[in-house]
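Undergrad: Kindly return the folded structure for what I paste below:
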Amino acid sequence: MSRETAYIRMLDASAKLQWNVAMILEAKAVEAEKVRAWLCNHITPDAFTEHQDQWKSSMMVHDQLVEVIDGLAKLNHGMTNVLKAALRQVDDMGMGAGPMNGIENMLGGPFDMGDKQR
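TA: Got it, this is the predicted structure:
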């Protein structure tokens, strides 16, 4: 497998990964809205005997959200590294003035994004 083919496969895998992350984020948004509605209705001062219990419940939810955000940040960092490696490779090959020109040349022409007017 040539280097160009390997980088094309790497970019394709990155695009598929980003699509899947978008689907996960969409599902998480729906879930977060359900959790928000539940919290607004159930986490009230009347639902707890002590203020400490209410605080602990709120902190558990907060910790879970922080974990999700931290995981997404790490995933984003990894995807950024993949794209940086591919663009660095194109730049090292000297295939154009800018990164997009190099990728277009490597792939044999401009990208078809499916936005053609009919």
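
Undergrad: Report pLDDT for Glu67.
TA: Glu67 is assigned 90 on the pLDDT scale.

Undergrad: now swap in the one 5 residues further on and tell me
TA: As summarised for this prediction, Leu72 has a pLDDT of 83.

Undergrad: ok now do it, which residues does it touch?
TA: 21, 25 (Cβ atoms under 8 Å, 6 or more residues apart in numbering). All C-beta atoms are positioned from the backbone trio N, CA, C, and that covers glycine.

Undergrad: Now with 10 Å, please.
TA: By Cβ atoms under 10 Å, 6 or more residues apart in numbering, Leu72 lies in contact with 21, 24-25, 28.

Undergrad: what do you get for Arg36?
TA: Taking Cβ under 10 Å, 6+ apart as the criterion, Arg36 is in contact with Val61.

Undergrad: Work out for me the element it sits within.
TA: Assigned by DSSP states H and E, Arg36 belongs to helix 3-42.

Undergrad: Identify each buried residue in that helix, please.
TA: 7-8, 11, 14 (16 or more other Cβ atoms under 10 Å).

Undergrad: And the pLDDT for the residue sitting furthest away from the middle of the chain?
TA: Computed with Cα atoms, centre = their mean, the residue of the chain farthest from its C-alpha average is Thr49, at 40.5 Å. Looking at Thr49, its pLDDT stands at 81.

Undergrad: Tell me the backbone dihedrals of it, please.
TA: Backbone torsions of Thr49, given as degrees, to the nearest 10, read phi -80, psi -30.

Undergrad: mind checking how far it is from Met23?
TA: 41 Å (Cβ to Cβ, to the nearest Å).

Undergrad: now do Ala37
TA: In terms of Cβ to Cβ, Ala37 sits 22 Å off from Met23.

Undergrad: cool, and Met1?
TA: Met1 sits 29 Å away from Met23 when distances are taken as Cβ to Cβ.

Undergrad: Would you mind writing the CA trace of stretch 36-52 as CSV?
TA: Taking Å, rounded to 0.1, in the frame of the first residue of the first chain, the C-alpha atoms of stretch 36-52 are listed here in CSV:
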residue,chain,number,x,y,z
ARG,A,36,-32.7,18.1,32.6
ALA,A,37,-36.4,17.7,32.7
TRP,A,38,-36.2,15.1,35.4
LEU,A,39,-33.8,17.1,37.5
CYS,A,40,-35.9,20.2,37.3
ASN,A,41,-38.9,18.2,38.6
HIS,A,42,-37.3,16.0,41.1
ILE,A,43,-34.1,17.6,42.5
THR,A,44,-35.9,20.2,44.7
PRO,A,45,-35.3,21.0,48.4
ASP,A,46,-38.6,19.2,49.2
ALA,A,47,-37.3,15.9,47.9
PHE,A,48,-34.4,15.7,50.4
THR,A,49,-34.3,15.6,54.1
GLU,A,50,-30.9,17.3,54.3
HIS,A,51,-29.2,19.9,52.2
GLN,A,52,-26.1,17.6,52.1
